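# mind folding the following:
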Amino acid sequence: MLYTLEILGKPMGKQRVKFGKGFAYTPKETVNYENYVKTLFQSKYGQPLLQGKVNISLKAYFSIPKSTSKKQKNKMLLGDVKPLRKPDCDNIAKVILDSLNNIAYKDDKQVVSLTVKKFYSDIPKVYIELWEE
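Okay, the predicted model is just below:
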């Protein structure tokens, strides 16, 4: 079965752990985003917990800067121009994979195939597809 999920809003990457006086913590923005992804997935599918090998495809869509010319905007929307900005693909993947731990699958070590692509769009979002082999 193919599971799909669309996370509306600016794509976010996993932020580094922060350190306080004698303790480490995950930044609030990362925790909130992970909880948002979990809630969206659970409200759509429940908790399927895939048992086998998992394949994941992520597409991150970034908003087009307002100062972009019409010609350049068309190239961006066609995919001829891709975003070369943060967050990095690996950080986008990390926040999504960690969010789906114990929800879509037991552990992200089950992921045997992962693709991450970045695009421009009028609607910023992350689109997820995952399936079991």
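
# quick check, residue 8 in contact with residue 121.
No. Residue 8 is beyond contact range of residue 121, at 10.9 Å (criterion: Cβ atoms under 8 Å). For every residue, glycine as well, the C-beta is placed using N, CA and C.

# who's more crowded, the two?
Set residue 8 next to residue 121 and count neighbours by other Cβ atoms under 10 Å: residue 121 wins out with 17 against 12.

# just the pLDDT at the more buried one, thanks.
Per-residue confidence (pLDDT) for residue 121: 97.

# next one: residue 22
pLDDT, residue 22: 84.

# run a quick neighbour tally on it.
Residue 22 has 5 nearby residues by other Cβ under 10 Å.

# for it, give its distance to residue 15.
Distance, residue 22 to residue 15, using Cβ to Cβ, to the nearest Å: 20 Å.

# for stretch 75-95, what is the distance to the chain centroid?
Distance of stretch 75-95 from its chain centroid, counting by Cα atoms, centre = their mean, to the nearest Å, is 11 Å.

# again, but for stretch 106-122
Taking mean C-alpha positions (Cα atoms, centre = their mean), stretch 106-122 and its chain are 7 Å apart.

# got a list of contacts for that stretch?
Contacts of stretch 106-122 with the rest of the structure, by Cβ atoms under 8 Å, 6 or more residues apart in numbering, involve 11, 49-64, 76-77, 79, 81-83, 89-90, 92-93, 97-98, 100-101, 105, 133.
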